[in-house]
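Visitor: This is the structure alone, sequence omitted:
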């Protein structure tokens, strides 16, 4: 062990503290070391927020160059500052046991300003800014750069109410002010609170030495968090938080993506057994993207394509219309109108053992003719979670729900062979459900609860896509319009009707208006 391991580090007080921790631990194992400090790009440029500098690894790049030039043997970093993909020939040699991963708010006088409508808080982190604005939308967030001492002094010199720091950084150099509060609700940056050592892949001596300092639990958790960040293709320009914890042989993970202004948030959680955690990051990142994460990131970067015009065959509420991206013009009209039938007491003359309800219109029709107390349904079977929610709110508990009529038919065949069921439907109902049930020995009593009437209008030639919410809206549209557009459909039944006529058909992930709008937004985003 006569070879001296040269430890590269930034020259800030915190970075030097971290390098000295590595030095002490290596020397305790019998290795000889020396510290070499190098100024980082992020320390040199202090007049711009990090996300505007445009350099990958602003706090690590110069240390990477020193490693590749063999001016140092290892580099010590705050792991949260390290890009998720390391430069060629450079590898992770170790991750030390993690410190406090929380963020902390340091306030100038007291924390009463948190209850005020307006206040000013400082941070150089886009992630912290987005989460703060999500929780306190009326506050002003100003940029704060520099090392820990510089930032604390700026808080003292300015008329700000508080500033946000990493708890680990303040504690490590013993600069935690008395006036502080831990932000337990704020999701930390991936790998926050952890120290990483990198080395050249070919430097086996340094790698073996540092490997003895590696904390396996910290390595597992920070790897999940950084993989999550990598799968989302996020870096300093995307407000992404992530935290993985190990307890009782289980790995729990929480990740979130925010819009830069804090108005939008998508959060995901997942728990799995220790040893089976390798798919957590990809699964959770995929869920974030499916729920609109890609659109949030693209909107924030201003990468949308030219303006598109779409037409909804259903009148949208104001909140729904606002979900479309600014570069998408939306027009809408109800292409079908519903008329509720007046149902006779003879049709609801006694307790009915089994009832099928496949739409919210059928629910409204029943309640137009009867009170909830008069509807003595023993078992209610329905299609769609929103229909289920309405039934249980207005009538009674639902016995079983499925996503579509085909799946509901399969379930009923297994449960009600040879029995009788009442189906409250429209005059334009699909044949799928009654046909399958009848063929399999279930007697269906159909009750026409409402009428569906076409109410189409001609859409303009400039319309590129049409939003459909039922097979009936497709049929109504066809009476007045061409099929030279893209059909955005709420579900498979609607898509099946559209595919008979349209060349391009897209189906939403979930059977909701919001999911169809999300489908439209994603389609008109540059890939």
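Guide: Everything's here; your move. In this text the structure is predicted, and so the values were computed from the model without any measurement.

Visitor: can you give me the helices for the stretch 351-500 of the chain?
Guide: Assigned by DSSP state H, counting those that start in this stretch, the stretch 351-500 of the chain shows helices spanning 360-369, 385-394, 405-415, 432-439, 471-478, 492-499.

Visitor: Show me the strands paired with the top strand by length along the chain, marking each as parallel or antiparallel.
Guide: The longest strand of the chain (DSSP state E) is strand 443-454. Sheet pairing for strand 443-454, assigned by DSSP bridges, gives strand 336-340 (antiparallel), strand 420-426 (parallel).

Visitor: comparing those strands, which gets the lowest mean pLDDT score?
Guide: Looking at the strands paired with strand 443-454, the lowest mean pLDDT belongs to strand 336-340 (a mean of 88).

Visitor: Any buried residues in that one, and which?
Guide: Using 16 or more other C-beta atoms under 10 Å as the test for burial, strand 336-340 gives 336, 338, 340. Every C-beta, even on glycine, is put in place using the N, C-alpha and C of the backbone.

Visitor: which sections of the stretch 101-250 of the chain are below the confidence cut-off?
Guide: The stretch 101-250 of the chain contains residues with pLDDT under 70 at 234-237.

Visitor: How are the strands of it distributed by residue range?
Guide: Secondary structure of the stretch 101-250 of the chain (DSSP state E, counting those that start in this stretch): strands at 103-107, 120-122, 140-142, 162-166, 180-183, 195-200, 240-247, 250-258.

Visitor: Between the ones you listed, which one is closest to residue 290.
Guide: Checking the strands of the stretch 101-250 of the chain against residue 290 by C-beta to C-beta gives strand 250-258 as the closest, at 11.9 Å.

Visitor: thinking again about what came up before, of the strands of the stretch 101-250 of the chain, which is nearest residue 356?
Guide: Residue 356 lies closest, by C-beta to C-beta, to one member of the strands of the stretch 101-250 of the chain: strand 250-258, at 39.5 Å.

Visitor: which SS class is residue 310?
Guide: At residue 310 the chain is in strand, as set by DSSP: H, G, I helix; E, B strand; the rest coil.

Visitor: Just the pLDDT for residue 358.
Guide: 88.

Visitor: what residues are up against it?
Guide: Shown in contact with residue 358 (C-beta atoms under 8 Å, 6 or more residues apart in numbering): 382-384, 387, 405, 408, 423, 425, 429, 433.

Visitor: and of those, the nearest to residue 189?
Guide: Distances from residue 189 to the contacts of residue 358, taken by C-beta to C-beta, are shortest for residue 384, at 39.3 Å.

Visitor: Model confidence for that closest one, exactly?
Guide: pLDDT, residue 384: 84.

Visitor: ok, it - how many residues close by?
Guide: 22 (other C-beta atoms under 10 Å).

Visitor: quick one: which of the strands paired with strand 443-454 is nearest residue 510?
Guide: Using C-beta to C-beta, the strands paired with strand 443-454 put strand 336-340 closest to residue 510, at 21.4 Å.

Visitor: Report the angle between that closest one and helix 360-369.
Guide: 30 degrees (axes from the mean of the first three to the mean of the last three C-alpha atoms, to 10 degrees).

Visitor: and strand 336-340, how far from the chain's centre?
Guide: 37 Å (C-alpha atoms, centre = their mean, to the nearest Å).

Visitor: who's in contact with that strand?
Guide: 313, 361, 364-365, 368-369, 449-455, 470, 472-473, 476.

Visitor: at 6 Å what do you get?
Guide: Outside strand 336-340, the residues that touch it by C-beta atoms under 6 Å, 6 or more residues apart in numbering are 361, 365, 368, 450-453, 455, 472-473, 476.

Visitor: likewise stretch 186-206?
Guide: 5, 18, 67, 73-77, 79-80, 82, 89-91, 93-96, 98-101, 103, 127, 131, 168, 207, 210, 218, 222, 225-226, 229, 241-243, 256.

Visitor: How far off centre is it?
Guide: On C-alpha atoms, centre = their mean, the centre of stretch 186-206 falls 26 Å from the chain's centre.

Visitor: For it, which residues meet the burial criterion?
Guide: Neighbour counts over stretch 186-206 (16+ other C-beta under 10 Å) mark 186-200, 203, 206 as buried.

Visitor: Between the two ends of that stretch, what distance do you get?
Guide: End-to-end distance for stretch 186-206, by C-alpha to C-alpha, to the nearest Å: 36 Å.

Visitor: what's the burial count for the residue nearest to residue 423 when sequence neighbours are not counted?
Guide: Excluding its sequence neighbours, the residue lying closest to residue 423 (C-beta to C-beta, 6 or more residues apart in numbering) is residue 356, at 4.4 Å. Other residues within reach of residue 356, judged by other C-beta under 10 Å, total 26.

Visitor: Pull the contacting residues for residue 356.
Guide: Per C-beta under 6 Å, 6+ apart, neighbours of residue 356: 381, 421, 423.

Visitor: hmm, back to that, reformat the strands paired with strand 443-454 as a markdown table; add distance to residue 464.
Guide: A markdown table is the format used below for the strands paired with strand 443-454 (distance: least, C-beta to C-beta, whole Å):
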| stretch | distance to residue 464 |
| --- | --- |
| strand 336-340 | 22 |
| strand 420-426 | 30 |
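
Visitor: Name the spans of the stretch 251-400 of the chain whose pLDDT lies under the cut-off.
Guide: Judged by pLDDT under 70, the stretches of the stretch 251-400 of the chain that qualify are 301-306, 347, 349-350.

Visitor: how much space is there between the residue sitting furthest away from the middle of the chain and residue 210?
Guide: Farthest-out residue of the chain from its mean C-alpha position, per C-alpha atoms, centre = their mean: residue 2, at 50.9 Å. Using C-beta to C-beta, to the nearest Å, we find residue 2 at a distance of 17 Å from residue 210.

Visitor: Next: residue 261.
Guide: 41 Å.

Visitor: Residue 434 now?
Guide: 70 Å.

Visitor: Kindly report the same for residue 378.
Guide: 69 Å.

Visitor: Give me the more crowded residue out of these two.
Guide: Counted by other C-beta under 10 Å, residue 378 and residue 210 do not tie: residue 210 has more neighbours, with 28 against 11.

Visitor: Show me the beta-bridge partners of the closest residue to residue 421 other than its chain neighbours.
Guide: Nearest residue to residue 421 in three dimensions, chain neighbours excluded: residue 354, at 4.1 Å (C-beta to C-beta, 6+ apart). Using DSSP bridges, the beta-bridge partners of residue 354 come out as residue 379.

Visitor: correct me, but residue 355 touches residue 378?
Guide: No. Counting by C-beta atoms under 6 Å, residue 355 sits too far from residue 378 to count as a contact (8.1 Å).

Visitor: Could you find the closest non-adjacent residue to residue 495?
Guide: residue 489 (4.1 Å).

Visitor: now do residue 127
Guide: residue 239 (4.6 Å).

Visitor: How about the contacts made by that neighbour?
Guide: Contacts of residue 239 by C-beta under 6 Å, 6+ apart are 126-127, 130, 258.

Visitor: 8 Å instead?
Guide: 126-127, 129-131, 257-260, 262.

Visitor: quick one: which of those residues is nearest residue 462?
Guide: Set against residue 462, the nearest of the contacts of residue 239 by C-beta to C-beta is residue 259 (29.1 Å).

Visitor: From residue 265, how far out is the closest one?
Guide: Residue 259 sits 8 Å away from residue 265, going by C-beta to C-beta.

Visitor: swap in residue 399?
Guide: In this view, residue 399 and residue 265 are 35 Å apart by C-beta to C-beta.

Visitor: Counting neighbours, go ahead and name the busier of those two.
Guide: More neighbours surround residue 265 than the other of residue 399 and residue 265, with 17 against 14 (other C-beta under 10 Å).

Visitor: quick one: that one and residue 258 touch, right?
Guide: Yes. Between residue 265 and residue 258 there is a contact under C-beta atoms under 8 Å: 5.2 Å.

Visitor: Give me the common contacts of the two.
Guide: In contact with both residue 265 and residue 258: residue 134, using C-beta under 8 Å, 6+ apart.

Visitor: returning to that earlier point: could you dump the contacts of residue 356 to TSV with distance to residue 519 and neighbour count?
Guide: Converted to TSV, the contacts of residue 356 look like this (distance: C-beta to C-beta, whole Å; neighbours: other C-beta atoms under 10 Å):
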residue	distance to residue 519	neighbour count
381	28	24
421	34	21
423	30	21
